[in-house]
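*Asks:* following is a predicted model, sequence given first.
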There are 2 protein chains.
Amino acid sequence: MALSHAILVTLLDRPHSGYEISKRFDKTVGFFWRARKQQIYSELHKLAEDGLISAEIIEQIERPNRIVYSITADGRKALDHWVREPTPYPSVKEELLVKLFSLGDVETAVLVDQVGQRLAEHRERLAYFHALMKTHYPKPATLTGRKLGHYLGLRCGVLNEESGIAWCTEALGLLETRRRPAAR
Amino acid sequence: MALSHAILVTLLDRPHSGYEISKRFDKTVGFFWRARKQQIYSELHKLAEDGLISAEIIEQIERPNRIVYSITADGRKALDHWVREPTPYPSVKEELLVKLFSLGDVETAVLVDQVGQRLAEHRERLAYFHALMKTHYPKPATLTGRKLGHYLGLRCGVLNEESGIAWCTEALGLLETRRRPAAR
DNA sequence: CTGCTCATGTAATCGGTTACATGATTGT
DNA sequence: ACAATCATGTAACCGATTACATGAGCAG
């Protein structure tokens, strides 16, 4: 019961088609709320049924027709209500840490590889976030409204990746010393 | 397809009943892999059916009987195989950041409250993690095997909470200046 | 007498993923 | 020729949550 809200929030900006929302989720919102296109389409149907969004079919020549959705007054009300509700602590599902619990029964080298792989992913994401920062938010102190919200999301991403990099580095250090117990 | 692995990893340590696993998930593993007891019980049935764990009924007087599960050789093989597979980047579901996207359409004070609440949660968790650190892992440099894995999990928790606190503090700072645009 | 701990489950539902389907246009 | 982009969906399945069920013993 929350992808619907991610969609409503996106529609605050301007009306979108399902396809556009799906594309947008691959960038901005998608970094802290991933969704498949199928789920977006089905969620849009539900939201339209509940009257939280309205649909308008845009006929196109030599292109499939688009269905553009806008948030309704009811949708805004529902969103406002949701924002005021207590926010659950994000449900964590960290496979990598579960894997580390098998240390001692699985070859350490395998775990070292896994952590190394994660480190590379963190670095890649961080670089991407930094690039977005530079092009979109050069002066964060001047931001207001929705733009500030987007900036804070990105900033959270940056801090999380940095923290992830710090952890991976530390973990690799400890694991390496275990791999060669008495090197020399 | 991963709660099963969290259970298998737990059984590496020693045999557990469903109830014990459920309790244990509330502490250690549960910080990066939460699961309801119902799900644990049904997962245990599946694992036993697949022969990855074996069940033994312990009859108890004046207490409900316990079913204690142990990991089998097949279970160890399956676990080893899973650990070697590429680890997907954790699926993020951060409602708080989605809520921040509504900045400009929802009262800023509401968002300030939400971030403040999250900050308190981060601090609480960090304090708990620090306490666990002190009592269980006073000398991390000497840890080996499974113990090291557990330590690294906790360490990841500490870093994440610290990063969360840093973000909340920054966010509150930026939000506060917006709330009173020209204080003075 | 209220609520907690021990101990295991069923049933319904919801949210999310994977696979499958269609079909024209544009770029390499 | 082949892949990618635009554009929308259905169906099957899996994983997770919520509600409901049972029942004894013990502490406040």
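*Replies:* Yep, it's here.
*Asks:* run the chain-centre distance for the longest helix seen in chain A.
*Replies:* Counting residues, the longest helix found in chain A (DSSP state H) is helix A:145-179. Centroid separation for helix A:145-179 versus its chain: 14 Å, with C-alpha atoms, centre = their mean, to the nearest Å.
*Asks:* what packs against that helix?
*Replies:* helix A:108-136, helix B:95-100, helix B:145-179 (3 or more C-beta pairs under 8 Å, 6 or more residues apart in numbering or on different chains; DSSP states H and E). In short, each C-beta sits where N, CA and C put it, glycine included.
*Asks:* for the record, mean pLDDT for the longest one?
*Replies:* This means helix B:145-179. For helix B:145-179, the mean per-residue pLDDT is 94.
*Asks:* just the buried positions in it, please.
*Replies:* Neighbour counts over helix B:145-179 (16 or more other C-beta atoms under 10 Å in any protein chain shown) mark B:146, B:148-168, B:170-172, B:174-175, B:178 as buried.
*Asks:* now swap in stretch A:10-28 and tell me
*Replies:* For stretch A:10-28, by 16+ other C-beta under 10 Å, it's A:10-12, A:15-18, A:20-22, A:25, A:28.
*Asks:* filter those residues down to the ones in helices?
*Replies:* Per DSSP H, the buried residues of stretch A:10-28 map to helices at A:10-12, A:18, A:20-22, A:25.
*Asks:* dump the buried residues of stretch A:10-28 to a markdown table, plus pLDDT.
*Replies:* Shown next, in a markdown table, are the buried residues of stretch A:10-28 (pLDDT from 0 to 100):
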| residue | pLDDT |
| --- | --- |
| A:Thr10 | 95 |
| A:Leu11 | 96 |
| A:Leu12 | 96 |
| A:Pro15 | 96 |
| A:His16 | 96 |
| A:Ser17 | 96 |
| A:Gly18 | 95 |
| A:Glu20 | 95 |
| A:Ile21 | 95 |
| A:Ser22 | 95 |
| A:Phe25 | 88 |
| A:Thr28 | 80 |
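*Asks:* where does the prediction get shaky in chain A?
*Replies:* Along chain A, the model assigns pLDDT under 70 to residues A:1, A:62, A:180-184.
*Asks:* the closest residue to A:Val29 other than its chain neighbours: how many residues sit nearby?
*Replies:* Among residues not flanking A:Val29 along the chain, A:Ala6 sits closest, at 5.7 Å (C-beta to C-beta, 6 or more residues apart in numbering or on different chains). The number of residues packed around A:Ala6, counting by other C-beta atoms under 10 Å in any protein chain shown, is 24.
*Asks:* what residues does A:Ala6 make contact with?
*Replies:* A:25, A:29, A:33, A:35, B:98, B:101 (C-beta atoms under 8 Å, 6 or more residues apart in numbering or on different chains).
*Asks:* any idea how far it is from DNA strand C?
*Replies:* When distance is defined by C-beta to the nearest atom of the strand, to the nearest Å, A:Ala6 is 9 Å away from DNA strand C.
*Asks:* got it, and A:Arg24?
*Replies:* Distance of A:Arg24 to DNA strand C, computed by C-beta to the nearest atom of the strand: 16 Å.
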